[in-house]
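Colleague: Pasting the sequence and the predicted coordinates here, then a few questions.
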Amino acid sequence: MDRPFPIVSQSFRIVLLAVVATDLAFILTDLLAFIAEKAGWISVVPPFLKITRDEALPELVGYLKWLVIIVALVWLSIRDRWSVPFRWSLVFVMILIDDSVQIHETLGLILWDVIPFPPSLVDRGEDISEMIAFGCMGLIAMALTATLFTRHGPIARELSIRFLMIVAGLVFFGVVLDFLHQLISVASKGTAMDGLLPPFFSLLEDGGEMIMASIALAFVLTLPGFETSSRPIAAV
């Protein structure tokens, strides 16, 4: 398997360092601006620099990463006549759409109105509904990729395991940490930590998602680095 874009000739480590350096610059800028706001040095953090704000510059860069990943995987599938990259590209299309238009949050609100939660769970109904919606998206991803771990050979399996690890990282930062963020926001409300802990977890959540996207991008752009046979073409 040749790289999707031969112009990218650097190693996985160099490509990863380059894109993660951009992420860290955004994260550090956001953090320093937050500290400056709390210290009274500036009146407000510039919205276009906040990594936690939709349609801000860091978010747009994230969309670009997923788009490059999708294009690269579709191109690999067409060029090598191999269905495995295409099926994973569909998973990343879901991730991009969810990231840009917040599918699981929107579906969560719909389910919250539909599901008759018991009184003890009403306050957490929105969070539970979002988890259900995210679980449904996970089932779709499993349906698209499940056979890649068993029926398409060792190369497809190794590729899929690495993509699965990336998706697991995204779930940790985007779902698990988000749930903890909501709990901490409620628990810290009205306390001295109200203005510190929720923003910190929000920064950790979105920063983690940015870095996972960078890992995925570096991996896709340097795919031959993992191959264990001379021509990793599996059956369609």
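Modeller: That came through, no problem.
Colleague: how close does Met137 sit to Ile103?
Modeller: Shown here: Met137 relative to Ile103, a distance of 7 Å by C-beta to C-beta, to the nearest Å. C-betas here are computed from N, CA, C, even on glycine.
Colleague: In terms of secondary structure, what does the host helix or strand of Val220 contact?
Modeller: Using DSSP states H and E, Val220 sits within helix 197-221. Applying 3 or more C-beta pairs under 8 Å, 6 or more residues apart in numbering; DSSP states H and E, we find helix 197-221 packed against helix 12-38, helix 57-80, helix 153-171, helix 177-188.
Colleague: List the buried residues of that helix.
Modeller: Residues 197-199, 201-203, 205-221 are the ones in helix 197-221 that count as buried (16 or more other C-beta atoms under 10 Å).
Colleague: For Gly40, grab the count of nearby residues.
Modeller: If you count neighbours by other C-beta atoms under 10 Å, Gly40 ends up with 7.
Colleague: What's the first helix or strand after the lowest-mean-pLDDT helix or strand in the chain?
Modeller: Here the helix or strand of the chain ranked lowest by mean pLDDT, DSSP states H and E is helix 103-114, holding a mean of 71. Going down the chain from helix 103-114, the next helix or strand is helix 125-145, by DSSP H and E.
Colleague: List the buried residues for that next one?
Modeller: For helix 125-145, the neighbour count (16+ other C-beta under 10 Å) marks 125-131, 133-134, 137-138, 141, 144-145 as buried.
Colleague: Quick check, pLDDT for Ala143.
Modeller: Ala143 carries a pLDDT score of 91 in this model.
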